[in-house]
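Undergrad: Here is my input, please return the structure:
(2 chains)
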Amino acid sequence: MEVLEYGFMQRALLASLMVGLVAPAVGIFLVQRRLSLLGDGLGHVALTGVAVGVLTSTAPVGAALVAAVLGAVLIELIRARGRTSGDVALAVLFYGGIAGGVVLLSLAPRGQATNLDAYLFGAITTTAPADLAVFAVITVLVLAVVGLLGQRLYAVSDDEEYARAVGLPVLALNVLLAALVAATVVLSMRVVGLLLISALMIVPSAIAQLLARSFRQALYLACAIGLVVSLSGTTASYYTGTPSGGTIVLLAIALFLLVSLGVALRDLTAHRRHHRRGDVHAAHPHEHGAGCGHEPVPHGDHVDYDHDGHRHAPHLTGAGVHYDEHGDQAAAPASPGRGAE
Amino acid sequence: MSQHPAAGTAVRLRDASIGYGDVPIVSRVDLTVRYGEALAVLGSNGSGKTTLARGLLGLAPVLGGEVELLGAPVGRLRERGRVGYVPQRHTVSGAVPATVREVVAVGRLARLGLFRRLGAADRAAVGEAVAAVGLADRMEEPVASLSGGQQRRVLVARALAAQPELLIMDEPTAGVDAASQDALAAVLARVSATGTTLLVVTHETGPLSGVLTRAVVVDHGRIRYDGPLAGADAAAGPGRHDHCGPPAEPAGTGYRLDQPTVTTGSRGSR
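TA: Residues are numbered from 1 along each chain as shown, chains lettered A, B, ... in the order given. Predicted coordinates:
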């Protein structure tokens, strides 16, 4: 492969591999919490950090990391105080971060501020070997934390009040998650750019959420999707000469649209099949009920009727009584007596 | 209904006020619940019954007096896993799909501290809890695919997975179909028989009248009645008036018949 012959492309692909894996691993918890824009907000705070780094001639990435983690902790503390909603806290952070970045950078000597483009939109082909080392450290850190505490992070993201009631350290876990998001933002900054990080955190998770049956499955799927779009986006951008960050995100969104369409079609055909089966039973001679001659089988919260070896679950539709075919799984030990006659 | 008469108290409130900010919703309440009791906390909307439960769970601050849970002041109870909680929520489904097993396993985390992973015993407890609510065959299914009543049973299983000594439930039967209500009553009867203390906040005792033995009626943040469940209807029914209810319909108009009106003296919303 031609792309692999150049050192800068090898580093670019390695960087996108790590980013593609890590961003969805934290992003899925944000999707679960319905705080999908948190990554974007922290990205703007990181911008202030970058500006501080440029102004003081220290490492902009380090300064961005400090700023983003501080912002992350701040937003959780504001949320925990309970007087300001997470939404408003996020908005204040979002605007404050970008305003701080713009104002601070305007104070920098002429010529310096042009660096900003690299942080805003990413320039993965400029990834240096030292950057790779930093990325690797953050990748290992994020994956280790998610591996170790993923179930707790899920618990807090899913039902914060319940988590608090049973004594999980909710504030600490929230701050930890926000700090992980901040670290991931800074990690991804050079690859997809500040403005597109949130997309790489959220869009793979949004795709996985459409396909998965369990949270664990969704997490693995999101990471796999992130990996694939990140690597293929970087490769594609090499051939097309388009910016890598934008290419990766457009690929992810195209995949999201495709999967959404597929899922919608699947649901539609399932619905049709359901109705076709309903037609078969349009000539059903009677409504199932007590003493209809068919064996009633309690199933969860309703009663199925054994009808020539398959189960009928009656429900009302616009066209009258309709029968769902319910599988032959063992009947749940439902209410004693109800419908047993 | 095994009770442990002399085994100490599961819940003790002494002159306790609970509320939000500086505003007490429950004020200067005394209540003692012994281990193994099955208590209904009754009251109309806004009476303070939910706030009372939230105070016990540490979700609403205690503004005055003392609140003790399993022998410890509520803020200092270390093993919160000993208290189970079923929130008033109609569905479980978050934005990302999760299976019944995953949701119920969260309940077990309360017993494990911050870093310990679920072991074989924990997974067995999760399985038992799911089986107890009659959903063993739905273990690996996404909770979003279950009916509303079944999702409520998943929340009950989540609380049971920690094998709590005290189980606090907020309106577990509200909006649940009759079959799920019966299933829930059967589960609670079994849980109660093992000595678990039950505290059920509800506005309708009907479905659980076979399980709950004692009732307190909360009204305007104070306890108006404390005694056998059977007597609670008398305390909550006639002789009380509703400040917020609609005015009595003049006989014969009937034009609001299709609307859910409050029936005077019903055991329901009082």
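Undergrad: What score does the residue of chain B found nearest chain A have for pLDDT?
TA: Among the residues of chain B, B:R80 lies nearest to chain A; the distance is 2.7 Å by Cβ to the nearest Cβ. Placement of C-beta: from N, CA and C, glycine included. The score at B:R80 is 82. That number is its pLDDT.
Undergrad: Not counting its neighbours along the chain, what's nearest it?
TA: In space, and not counting its chain neighbours, B:R80 is closest to A:G167: 2.7 Å by Cβ to Cβ, 6 or more residues apart in numbering or on different chains.
Undergrad: Tell me where the stretch 201-341 of chain A has strands.
TA: Per DSSP state E, counting those that start in this stretch, the stretch 201-341 of chain A carries strands over the ranges A:295-299, A:302-307, A:310-317, A:320-326.
Undergrad: Equivalent analysis for the stretch 101-250 of chain B, please.
TA: So, for the stretch 101-250 of chain B - with DSSP E, counting those that start in this stretch - the strands run B:166-170, B:197-202, B:214-219, B:222-228.
Undergrad: Same list, those, but as a markdown table with mean neighbour count please.
TA: A markdown table is the format used below for those (neighbours: other Cβ atoms under 10 Å in any protein chain shown):
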| stretch | mean neighbour count |
| --- | --- |
| strand B:166-170 | 23 |
| strand B:197-202 | 24 |
| strand B:214-219 | 22 |
| strand B:222-228 | 16 |
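Undergrad: which intervals of chain B have sub-threshold pLDDT?
TA: Chain B contains residues with pLDDT under 70 at B:1-7, B:90-91, B:93, B:234-270.
Undergrad: Which of the helices or strands spans B:L13?
TA: strand B:9-20 (DSSP states H and E).
Undergrad: now swap in B:V67 and tell me
TA: Assigning secondary structure by DSSP H and E places B:V67 in strand B:62-69.
Undergrad: helix/strand/coil for the residue lying closest to A:A89 once chain neighbours are set aside?
TA: Distance criterion Cβ to Cβ, 6+ apart; nearest residue to A:A89, sequence neighbours excluded, is A:I78 at 4.2 Å. Counting by DSSP: H, G, I helix; E, B strand; the rest coil, the backbone at A:I78 sits in helix.
Undergrad: Let me see the confidence value for A:I78.
TA: So, for A:I78, pLDDT stands at 80.
Undergrad: ok, it - how many residues close by?
TA: Under the neighbour criterion other Cβ atoms under 10 Å in any protein chain shown, A:I78 is assigned a count of 18.
Undergrad: In the stretch 1-150 of chain A, what residue comes closest to chain B?
TA: Residue of the stretch 1-150 of chain A nearest chain B, by Cβ to the nearest Cβ: A:Q32 (4.7 Å).
Undergrad: Spit out the contact partners of A:I253.
TA: Counting by Cβ atoms under 8 Å, 6 or more residues apart in numbering or on different chains, A:I253 touches A:A199, A:V203.
Undergrad: Look up how far chain B lies from it.
TA: Going from A:I253 to chain B by Cβ to the nearest Cβ, to the nearest Å gives 18 Å.
Undergrad: Let me know the pLDDT of that residue.
TA: Confidence at A:I253, expressed as pLDDT, is 95.
Undergrad: cool, and A:A206?
TA: Reading off the model, A:A206 has pLDDT 93.
Undergrad: hang on, it packs against A:V263?
TA: No - at 11.6 Å, A:A206 does not count as touching A:V263 under the criterion of Cβ atoms under 8 Å.
Undergrad: Just give the nearest non-adjacent residue to B:G221, would you?
TA: B:G48 (4.2 Å).
Undergrad: Cross-check the contact I'm expecting between that neighbour and B:V26.
TA: Yes - if you go by Cβ under 8 Å, B:G48 and B:V26 touch, sitting 4.5 Å apart.
Undergrad: Which one's more surrounded, those two?
TA: B:V26 (30 against 24).
Undergrad: That one should be in a strand, yeah?
TA: Yes - the assignment for B:V26 by three-state DSSP puts it in a strand.
Undergrad: Dig out what it forms beta bridges with.
TA: Judged by DSSP bridges, the bridge partners of B:V26 are B:I18.
Undergrad: so it touches B:V41, yeah?
TA: No - with contact defined as Cβ under 8 Å, B:V26 does not count as touching B:V41 (10.5 Å).
Undergrad: about what we covered before: ok, the residue of the stretch 1-150 of chain A closest to chain B - contacts?
TA: By Cβ under 8 Å, 6+ apart, A:Q32 lies in contact with A:Y154, A:S157, A:D158, A:F215, B:G94, B:A95, B:V96.
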